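Undergrad: Only the shape, not the letters, is given here:
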């Protein structure tokens, strides 16, 4: 909850002009639509009722992947699209991804032959995987690990009847929440507008054409109406609720799938281990920032998406699955340093009754002109990896609908703000020459996190640095940059969706107090507001009982 009321209306800067596109939803899809539309020259505005990337986007497995398991469903088009988009994300934002090995332990020769065929097909569909990307982000060809190699790489894996493993490669996405906000920041640099904590209250058709949107600014308590020619509903699990506000009805069902993850002590090596659960679905054991992410669950969710929560019993079930499948693991609740969950929006026809795990992750773009809502579009389903492609297709549809011509899509070529560099070594060398008095390790860490934005960040005045729960450091220069540029309203925005300082576990009490005080100083919070924000951060580490 945001509890700050200001006399100034943030939305006054928008004036009363009509927008070409208003985007509802600030997850990865909405962020990509704003980025695409801004590059094409559209007057575009994004509205998010909470913080950017605070819904489904913060609940991923932190992977950019082609979807090897989708081959089982013969979804070759989706896999090819995902693999193409994997390469494009590495091209436009190399600082946001890391090459990561995935190991699949095998316990029968039949399974080996079946997976071998899948690996060959996956390799074939990713024929251009290393085309025109940084040398830091190359994707090797898959290979077979012998029994001895498998045990060496995955000492905790169940060894009974183990024959070896296949190892292939995709990308880790270290901080998808920040990656999402960088799409938004990049769009704002190109003329786009975006506001978090701004809730849509009504959507009405204008008599002549276009829409009137009523919004409530949760930061200032003020209201405003906005005129636009088209509306893009990219609200993910809330998409059907946005449609109901506008009065749109259609035949497609939006099904919500609940997925949870836990961040625990380090129980794996450098590669991600893929295990099979009792129900036949898969479990990931992912190395991440000196910790391990375990997940995910995939169950149908039929409640109110606004009342989503992660329960202690669900975390216990996840730990039990890992302990059963991963040999010598003995994880307990004490090992859980952080947890997160979210709802995946899946699209099904009314006649479909498949489980959510087997349901397709394909996306659908709906234009409700025939239902009486011309210029009202919805992006349904999809996944993080393919969000740029979905945005391109959607803005193509808008380009066809609006009478004025627009520039062609360039998001497959144009780097994000931090993506303007060839490789990490060259970038750090440039930075060391530009900032000779700054410690080389600090330069490298900031370059790794922010890419070419490090040039701007390192110009900030140095000061106190803070040690995190996993041994990493966050530096004064990046704290100032985030608070100055990234639409931080609450401490939770900073901790969990920009810097990532809190997503690897709680800071020690003293460090946390100092960091909150540092944030409060720059954002002009009084003592009451500072205490409130500190409490919100602490509450994020408590899960619901039951």
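TA: Looks like it came in fine. On a predicted model such as this, the values are computed, not experimentally measured, just so you know.
Undergrad: pLDDT below threshold where in the stretch 401-546 of the chain?
TA: By pLDDT under 70, the weakly predicted segments of the stretch 401-546 of the chain are 546.
Undergrad: do that again at 80, thanks
TA: Residues of the stretch 401-546 of the chain meeting the criterion pLDDT under 80: 404-405, 546.
Undergrad: which residues of it fall in helices?
TA: 424-434, 440-450, 454-457, 476-485, 491-497, 509-523, 527-539 (DSSP state H, counting those that start in this stretch).
Undergrad: and residue 95, that's in a helix?
TA: Yes: counting by DSSP: H, G, I helix; E, B strand; the rest coil, residue 95 is found in a helix.
Undergrad: Next one: it from residue 276, what distance?
TA: 33 Å (Cβ to Cβ, to the nearest Å). Every C-beta, even on glycine, is put in place using the N, C-alpha and C of the backbone.
Undergrad: Identify the bridge partners of residue 213.
TA: Taking DSSP bridges, one obtains residue 203, residue 226 as the residues bridged to residue 213.
Undergrad: Share the number of residues neighbouring it, please.
TA: 23 (other Cβ atoms under 10 Å).
Undergrad: wait, it sits on residue 200?
TA: Yes: if you go by Cβ atoms under 8 Å, residue 213 and residue 200 touch, sitting 6.0 Å apart.
Undergrad: list residues touching both of the two?
TA: residue 47 (Cβ atoms under 8 Å, 6 or more residues apart in numbering).
Undergrad: OK, contacts around residue 272?
TA: Here residue 272 is in contact with 63, 100-103, 172, 284-287 (Cβ under 8 Å, 6+ apart).
Undergrad: Please repeat the previous calculation with a cut-off of 7 Å.
TA: 100-102, 284-287 (Cβ atoms under 7 Å, 6 or more residues apart in numbering).
Undergrad: Scan those and report the most crowded one.
TA: Using other Cβ under 10 Å as the neighbour test, the contacts of residue 272 are led by residue 285, with 25 neighbours.
Undergrad: Provide the secondary structure category for it.
TA: With three-state DSSP as the criterion, residue 285 reads strand.
Undergrad: what's across from it in the sheet?
TA: Residues in beta-bridge contact with residue 285 (DSSP bridges): residue 273, residue 294.
Undergrad: Look up how far residue 369 lies from it.
TA: 47 Å.
Undergrad: Near residue 340, how many other residues are there?
TA: Counted with other Cβ under 10 Å, residue 340 comes out at 20.
Undergrad: Next up, phi/psi of it, please.
TA: Main-chain dihedrals, residue 340, degrees, to the nearest 10: phi -160, psi 160.
Undergrad: Isn't it up against residue 58?
TA: Yes: using Cβ atoms under 7 Å, residue 340 is in contact with residue 58, at 6.2 Å.
Undergrad: Next, the buried residues of stretch 39-46.
TA: Using 16 or more other Cβ atoms under 10 Å as the test for burial, stretch 39-46 gives 39-40, 42-46.
Undergrad: quick one: which of the residues you listed sit in strands?
TA: Counting by DSSP state E, the part of the buried residues of stretch 39-46 found in strands is 44-46.
Undergrad: Quickly name whichever of those is closest to residue 455.
TA: residue 46 (26.4 Å; Cβ to Cβ).
Undergrad: and that closest one, how far is that from residue 17?
TA: Distance from residue 46 to residue 17, by Cβ to Cβ: 16 Å.
Undergrad: One more: residue 532?
TA: 36 Å.
Undergrad: between those two, which one's more packed in?
TA: With neighbours defined as other Cβ under 10 Å, residue 532 and residue 17 compare such that residue 532 has more, 16 against 9.
Undergrad: show me what contacts residue 84?
TA: Counted by Cβ under 7 Å, 6+ apart, residue 84 has zero contacts.
Undergrad: where does it land in three-state SS?
TA: Quick answer, by three-state DSSP: residue 84 is helix.
Undergrad: where does it sit relative to residue 392, distance-wise?
TA: In terms of Cβ to Cβ, residue 84 sits 11 Å off from residue 392.
Undergrad: And residue 250, by the same measure?
TA: Distance from residue 250 to residue 392, by Cβ to Cβ: 23 Å.
Undergrad: So between the two, which is more surrounded?
TA: A count of neighbours by other Cβ under 10 Å puts residue 392 above the other of residue 250 and residue 392, at 20 against 15.
Undergrad: Quick check: the more buried one vs residue 447, distance?
TA: 29 Å.
Undergrad: do residue 17 as well
TA: For residue 17 relative to residue 447 (Cβ to Cβ), the value is 39 Å.
Undergrad: And residue 538, by the same measure?
TA: From residue 538 to residue 447 the distance is 32 Å (Cβ to Cβ).
Undergrad: same question, residue 535
TA: From residue 535 to residue 447 the distance is 35 Å (Cβ to Cβ).
Undergrad: These two: who's more crowded?
TA: Shown here are residue 535 and residue 447; by other Cβ under 10 Å, residue 447 has more neighbours (25 against 10).
Undergrad: wait, what's in contact with the more buried one?
TA: Per Cβ under 7 Å, 6+ apart, neighbours of residue 447: 424, 427-428, 431, 454.
Undergrad: again with residue 108
TA: By Cβ under 7 Å, 6+ apart, residue 108 has no neighbours at all.
Undergrad: 8 Å instead, please
TA: 161, 163.
Undergrad: mind checking how far it is from residue 146?
TA: 16 Å.
Undergrad: what residue ranges in the stretch 1-150 of the chain are flagged as low confidence?
TA: For the stretch 1-150 of the chain (pLDDT under 80), the answer is 1-9, 15.
Undergrad: let's see it at 70
TA: Using pLDDT under 70, the stretch 1-150 of the chain drops low at 1-8.
Undergrad: all helices of it, in order?
TA: Counting by DSSP H, counting those that start in this stretch, the helices of the stretch 1-150 of the chain are 28-39, 76-92, 109-125, 147-153.
Undergrad: what about residue 277, distance to residue 415?
TA: According to Cβ to Cβ, residue 277 and residue 415 sit 39 Å apart.
Undergrad: Then residue 212?
TA: Counting by Cβ to Cβ, the gap from residue 212 to residue 415 is 36 Å.
Undergrad: again, but for residue 330
TA: Counting by Cβ to Cβ, the gap from residue 330 to residue 415 is 44 Å.
Undergrad: More neighbours: which of those two?
TA: residue 415 (17 against 11).
Undergrad: Sticking with the closest residue to residue 216 other than its chain neighbours, tell me its helix or strand.
TA: Counting by Cβ to Cβ, 6 or more residues apart in numbering, residue 216 lies nearest to residue 199, which is 4.8 Å off, once chain neighbours are set aside. Under the criterion of DSSP states H and E, residue 199 resides in strand 198-205.
Undergrad: List the contacts of stretch 401-413.
TA: 20, 32, 35-36, 39-42, 88, 91-92, 229-230, 367, 374-375, 388, 391-392, 395-396, 399.
Undergrad: Buried subset of those as a ChimeraX selection?
TA: This is the ChimeraX syntax for the buried subset of the contacts of stretch 401-413, where burial follows 16+ other Cβ under 10 Å:
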select :20,32,35,36,39,40,42,88,91,92,229,230,367,374,375,388,391,392,395,396,399
